[in-house]
Structures are given as C-alpha cells and as structure tokens.
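S.K.: structure here, sequence nowhere to be found:
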C-alpha cells in the first residue's frame, strides 16, 4: 500500500523563514513525502481582536516567501504545496509549478471571503486536490466544482487537539485520507492499519508538525519532529506488511 505522508506546517514556522527551512529539512529527514503551508491573508479570515492576531499576521506567506520555500523544498527533494485561501495565491502557485492543492475544511463552508472563487481557481488548474471537510459543507457541491480534478477526501475532526474517542472509525475508513489533529501517533497508525486490512492501494496521512521548541498557535495540537519520524517509520512498516 502506498502512503503519502504530508507534514502540515501551518503556522508552526512562526513567521521565520529560517524556522520554515529547518522544518522542511527535518520533515524530509523524518521521511515525509510533502510539506504543506497555508497561504492566506489574515484580515480575510480573522478579526484583529483575535487573541493570536500578532502570530497569525506574522505567519502570512507572501508570494516572495512562497517562492523561496518552494525552491528550498525542491533542493531538499520534498514536495511543497499549500492550502490557498484567495484566488491570487493560485496564480502564484501555478507559476511555482506545484503539483497539487489542499482544500481546508473552512473553505468548504463557502463562508470566508473569496472561498468560492478560490475553489474555482484550483479546479481550473485540473490538478489533484486533497479535501478536508471536518467543519461540514456540501460534499456534492464540492465534488461538482472539482469534477475534472483527481480528488482525495480526508476524514477530519476540526478540533485542536482532537480527542482519540472523538474519531468515528466506521466513518473514517470510508475515506482515502486522514487529516489528523489528535496528540500522538496512534490514530494515523490505526487508520493505516484499517485501510491496509480493507485492501486500499493508496492513502494520504496529514499531520501537524512542529520543531521541539515551537510556541506558535498550532503548537499545542502538533506533533514534534521526533515523534513525527516515529510515526512515519511505523506507518511505512504497516503499509508494507503482508496481510
């Protein structure tokens, strides 16, 4: 079974290109297939009164920063792609020749500014998309938008962190992807095992990753890079098991 393991960097790069590059390098060493960042404009998604506004604003990825991180990821031989939250971001990412896009749960609700336009822009690339719908949304409507794209829907519980007992495993195994927000490595390992038993040929695991000393707003629901490496080793072992 083939497992695509995506390291979700989110805001754990803390607005520092140096930390972002270290995360990219460490994720490659840990065995991840791809690193994923989030390209958004803070004012589109959050009010300036948000308690983490300074950190959120600092973690915006500009076009120049995206170009630099894509170039560095290429040098490290690890795939770089993004969740993009506004249409202009797609134009830049296309110039960078990204291979795929992520659709965040909140975007599927079509309530944020530019959500629909952003989805349509991604659909027009005809590239593969990974879609989380942990916040709900109309799945058929999303499918219709991406009818000409290869789609992988991810099971996701949009709680940060998610408690293990909040996962509905009967529902989860109907998906070919798992965007996990639990603390620890058991949930993605169990998902891999269940999909392996069910005869799946290809799945996607996405996990939030941080450096050991990370203090960003996503840090509390992220896996440190050492545990991330352990998770990947176990998942690779499970995926190759003869059942």
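M.R.: Looks like it came in fine. Remember, predicted model here, so these are calculated numbers, not experimental data.

S.K.: which non-adjacent residue is nearest residue 161?
M.R.: Nearest residue to residue 161, sequence neighbours excluded (CB to CB, 6 or more residues apart in numbering): residue 221, at 3.9 Å. (Each C-beta comes from the backbone N, C-alpha and C, glycine too.)

S.K.: dump the residue contacts of the one you found.
M.R.: Contacts here follow CB atoms under 8 Å, 6 or more residues apart in numbering; on that basis residue 221 touches 160, 161, 162, 181, 183, 208.

S.K.: I'd say residue 225 and residue 207 touch.
M.R.: No - the criterion here is CB atoms under 8 Å, and residue 225 misses it with residue 207 at 11.0 Å.

S.K.: after the lengthiest strand in the chain, which helix or strand is next? Please name it.
M.R.: Looking across the chain with DSSP state E, the single longest strand is strand 202-210. Reading on from strand 202-210 to the C-terminus, the next helix or strand found by DSSP states H and E is strand 223-224.

S.K.: how distant is that following strand from the center of its chain?
M.R.: 14 Å (CA atoms, centre = their mean, to the nearest Å).

S.K.: cool, and stretch 188-203?
M.R.: 19 Å.

S.K.: in that stretch, which of the residues would be classed as buried?
M.R.: For stretch 188-203, burial by neighbour count (16 or more other CB atoms under 10 Å) applies to 188, 189, 190, 191, 192, 193, 194, 195, 196, 200, 203.

S.K.: does the residue nearest to the second one when sequence neighbours are not counted sit in a helix, a strand or a coil?
M.R.: Spelled out, that is residue 189. Nearest non-adjacent residue to residue 189, counting by CB to CB, 6+ apart: residue 234, 5.3 Å away. The three-state assignment at residue 234 reads helix, by DSSP: H, G, I helix; E, B strand; the rest coil.

S.K.: would you map the helices across the chain?
M.R.: Using DSSP state H, the helices found in the chain span residues 17-30, 42-45, 53-58, 63-76, 87-95, 105-108, 115-124, 139-145, 169-172, 186-197, 225-240.

S.K.: could you dump those helices to TSV with mean pLDDT and distance to residue 131?
M.R.: Shown next, in TSV, are these (pLDDT from 0 to 100; distance: least, CB to CB, whole Å):
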stretch	mean pLDDT	distance to residue 131
helix 17-30	98	22
helix 42-45	72	18
helix 53-58	73	23
helix 63-76	97	21
helix 87-95	95	15
helix 105-108	92	7
helix 115-124	96	10
helix 139-145	95	6
helix 169-172	97	15
helix 186-197	98	16
helix 225-240	98	21
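
S.K.: now those helices as JSON lines including distance to residue 5?
M.R.: Output for the helices of the chain, formatted as JSON lines (distance: least, CB to CB, whole Å):
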{"stretch": "helix 17-30", "distance to residue 5": "9"}
{"stretch": "helix 42-45", "distance to residue 5": "27"}
{"stretch": "helix 53-58", "distance to residue 5": "26"}
{"stretch": "helix 63-76", "distance to residue 5": "15"}
{"stretch": "helix 87-95", "distance to residue 5": "21"}
{"stretch": "helix 105-108", "distance to residue 5": "20"}
{"stretch": "helix 115-124", "distance to residue 5": "22"}
{"stretch": "helix 139-145", "distance to residue 5": "24"}
{"stretch": "helix 169-172", "distance to residue 5": "17"}
{"stretch": "helix 186-197", "distance to residue 5": "9"}
{"stretch": "helix 225-240", "distance to residue 5": "6"}
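
S.K.: quick check: which of those helices is nearest to residue 153?
M.R.: For these, proximity to residue 153 was assessed by CB to CB; helix 139-145 is nearest, at 7.4 Å.

S.K.: what packs against that closest one?
M.R.: Where contact means 3 or more CB pairs under 8 Å, 6 or more residues apart in numbering; DSSP states H and E, helix 139-145 is packed against helix 115-124.

S.K.: who's in contact with residue 13?
M.R.: 19, 20, 23, 37, 59, 216.
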